[in-house]
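K.L.:
need coordinates for the below:
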Amino acid sequence: MSYMFVLGACISCGMPFSFNPRYVPSVRVQGTREPVCKGCVERENARRIETGSDMPQLEIHPNAYDPEEVV
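P.N.:
A predicted model of the protein is given here:
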């Protein structure tokens with residue numbers, strides 16, 4: 001059995017983290033998708049709640065930060 005994950009830097013805070021490229025939340029920057037770490041997603045969701053924003057909560061896929069099994 002093999003597993004795959006990607007190491008990269010969060011586009012928001014710059015901290016390195018590992019993620020599953022299929023499911024990680026990301027933002028589009030100059031035509032490419034850049035990953036966002038779990039901490040930044042959670043902080044943004046908290047900010048949206050605190051400010052009463054109409055923007056929906058960002059969803060985190062259950063496998064977003066786990067390796068993916070490769071068959």
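K.L.:
and residue 36, how many neighbours?
P.N.:
Residues near residue 36, counting by other Cβ atoms under 10 Å, number 22. C-beta: built from backbone N, CA, C; applies to glycine.
K.L.:
so it touches residue 10, yeah?
P.N.:
Yes: with contacts counted by Cβ atoms under 8 Å, residue 36 reaches residue 10, the gap being 5.8 Å.
K.L.:
residue 55 is in contact with residue 45, correct?
P.N.:
No: counting by Cβ under 8 Å, residue 45 does not reach residue 55; the two are 9.7 Å apart.
K.L.:
with neighbour numbers in mind, choose between those two.
P.N.:
Neighbour comparison, residue 45 and residue 55: the larger count goes to residue 45, with 17 against 10 (by other Cβ under 10 Å).
K.L.:
and the pLDDT at that one?
P.N.:
Here, the pLDDT recorded for residue 45 equals 97.
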